[in-house]
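Enquirer: Next one to model:
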Amino acid sequence: MTILEGSEPRMAAVVTNVALLAAYLTLNSTLNLLNKWSLGIYGFSFPLFMTVSHMLFSLVVLAPFMMMQPFRSLHKATLEKQWKGIICIGAFMALNIALNNLSLVDITLSLNQVIRSAIPVVTALLAVAVEKKVPTRTEGVALMVLVSGVMVAVWEGAAGSLRGILVCIAGMVSNALMMTTSGKVLSERLDVLRLTFYTAPVSCACLLPFYLTKEAARLSEYADAHRDGMFQLLLGVGCVNALAYNVVHYLMIQRTSAVTTTVLGEIKIVGLLLLSALLLGEGSQMTPRMIAGCTVAVIGFCLYSHAKMAARPAGPPAGTDVEAAAKIGAAEKAAAEFGKESSKALELEWWTIK
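Expert: Model prediction:
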């Protein structure tokens, strides 16, 4: 774990970072568990409305903070240079999150997480096709292990809902496309908060027509039949959870190293598999073959994560770029330096996006 330099006492920095890591894992887990419980168990089967609500809530709450420094001075230059990339990423993000939430209506959270752990496989294939970038031998072996485990788990889980599996795979491919194209369509890497703020209106605009045609009428009938306020409470808690997760993710990226974030990605998948079995009753659906497939997939995911981590060039200490740029007082300098460290938000996002 990287500790910030400065006047902050070392022990206080350690405690702060540990608290951030615990908050990150907790918020990520509760967000996934709450979405699955609401959409697949409680019966609030309106994934498009849920996705749009989360995005609009984040946009409204983040707006006042985005008007403060250092963000305020970055908006004009960023939007003038990046508007095409923001539209592209916003569209892919809408597909990614909406399809992922839609899949939770039909399949277990365990199967959802195992399928989405294969995002590196799709990303690697796209890198070969688009960038002619071939994985190393170690990465190739890890990807083969990963895809083998996913195939076994998906084959065993196909008896549940083929539609849910296909929707989840489509969401995973959308995520991989977003990761692959981000480097080409964005000349400046964006941190999680600005990425959320800029892309939320685009994503909502993409999803709104589908919500109006597919869910609006059903939601009106559902609201008339459920006047106890329970689904509004679930939706509100989910919105707060999603925003808090993005904020903690942003803070964690600024304060921790790539090693920490890689290990967290592995802990997150294993933790969600265990929690979904314990809290959502999915343990009864985990056959020996599916457990074996999940285990192999997680091993492949860990091997690939560490192979990528070993190949990552050493960079400047986290948390220093924005502060140095702010002292200089140059907005363009802040944008460039802020993007260097914050690039981890997009580079590692394939294991963090819910």
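Enquirer: Could you pull out the buried residues of the helix or strand residue 52 falls within?
Expert: Under the criterion of DSSP states H and E, residue 52 resides in helix 47-66. Neighbour-count burial for helix 47-66, counted by 16 or more other C-beta atoms under 10 Å, picks out 47-55, 57-59, 62, 66. (Glycine included, C-beta is placed from N, CA and C.)
Enquirer: May I see those arranged in a markdown table, with pLDDT and distance to residue 154 as well?
Expert: Formatted as a markdown table, those follow (pLDDT from 0 to 100; distance: C-beta to C-beta, whole Å):
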| residue | pLDDT | distance to residue 154 |
| --- | --- | --- |
| 47 | 93 | 20 |
| 48 | 94 | 24 |
| 49 | 94 | 28 |
| 50 | 93 | 24 |
| 51 | 93 | 24 |
| 52 | 94 | 29 |
| 53 | 93 | 30 |
| 54 | 92 | 27 |
| 55 | 92 | 29 |
| 57 | 94 | 33 |
| 58 | 90 | 31 |
| 59 | 92 | 35 |
| 62 | 90 | 36 |
| 66 | 89 | 40 |
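Enquirer: Out of those, which comes closest to residue 24?
Expert: When these are ranked by distance to residue 24 (C-beta to C-beta), residue 58 comes first, at 16.6 Å.
Enquirer: That closest one reaches residue 243, doesn't it?
Expert: Yes - between residue 58 and residue 243 there is a contact under C-beta atoms under 8 Å: 4.8 Å.
Enquirer: picking up where we left off before, outside of the helix holding residue 52 itself, list whatever touches it.
Expert: Outside helix 47-66, the residues within contact range by C-beta atoms under 8 Å, 6 or more residues apart in numbering are 35, 38-39, 44, 71-72, 75, 94, 97-98, 101-102, 104-105, 193-194, 196-197, 200-201, 203-204, 207-208, 210-211, 214-215, 219, 235, 238-240, 242-243, 246.
Enquirer: ok, now stretch 205-212?
Expert: Applying C-beta under 8 Å, 6+ apart, the contact partners of stretch 205-212 are 48-49, 51-52, 90-91, 94-95, 98.
Enquirer: make it 7 Å
Expert: Under the contact criterion C-beta atoms under 7 Å, 6 or more residues apart in numbering, stretch 205-212 has outside partners 48-49, 51-52, 90-91, 94, 98.
Enquirer: quick check: mean pLDDT across that stretch?
Expert: Mean pLDDT, stretch 205-212: 94.
Enquirer: Distance of residue 120 relative to residue 274?
Expert: 22 Å (C-beta to C-beta, to the nearest Å).
Enquirer: top helix in this structure by residue count?
Expert: Taking DSSP state H as the criterion, the chain has its longest helix at helix 75-103.
Enquirer: Show me what it is packed against.
Expert: Using 3 or more C-beta pairs under 7 Å, 6 or more residues apart in numbering; DSSP states H and E, the elements in contact with helix 75-103 are helix 47-66, helix 162-185, helix 192-214, helix 331-342.
Enquirer: Buried residues of it, list them for me.
Expert: Under 16+ other C-beta under 10 Å, the buried positions of helix 75-103 are 75, 78, 82, 85-103.
Enquirer: tell me the mean pLDDT for it?
Expert: pLDDT averaged over helix 75-103 gives 89.
Enquirer: how close does the nearest residue to residue 130 once chain neighbours are set aside get to residue 144?
Expert: Nearest residue to residue 130, sequence neighbours excluded (C-beta to C-beta, 6 or more residues apart in numbering): residue 180, at 6.2 Å. Distance from residue 180 to residue 144, counting by C-beta to C-beta: 20 Å.
Enquirer: Pick out whichever of these two has more residues nearby.
Expert: For residue 180 versus residue 144, neighbours defined as other C-beta atoms under 10 Å are more numerous around residue 180 (19 against 14).
Enquirer: Can you give me the distance of the more buried one to residue 293?
Expert: 26 Å.
Enquirer: average pLDDT for the strand or helix carrying residue 148?
Expert: Counting by DSSP H and E, the element that carries residue 148 is helix 137-157. What helix 137-157 shows for mean pLDDT is 81.
Enquirer: One more: stretch 112-125?
Expert: 85.
Enquirer: Now do the end-to-end distance for that stretch.
Expert: 21 Å (C-alpha to C-alpha, to the nearest Å).
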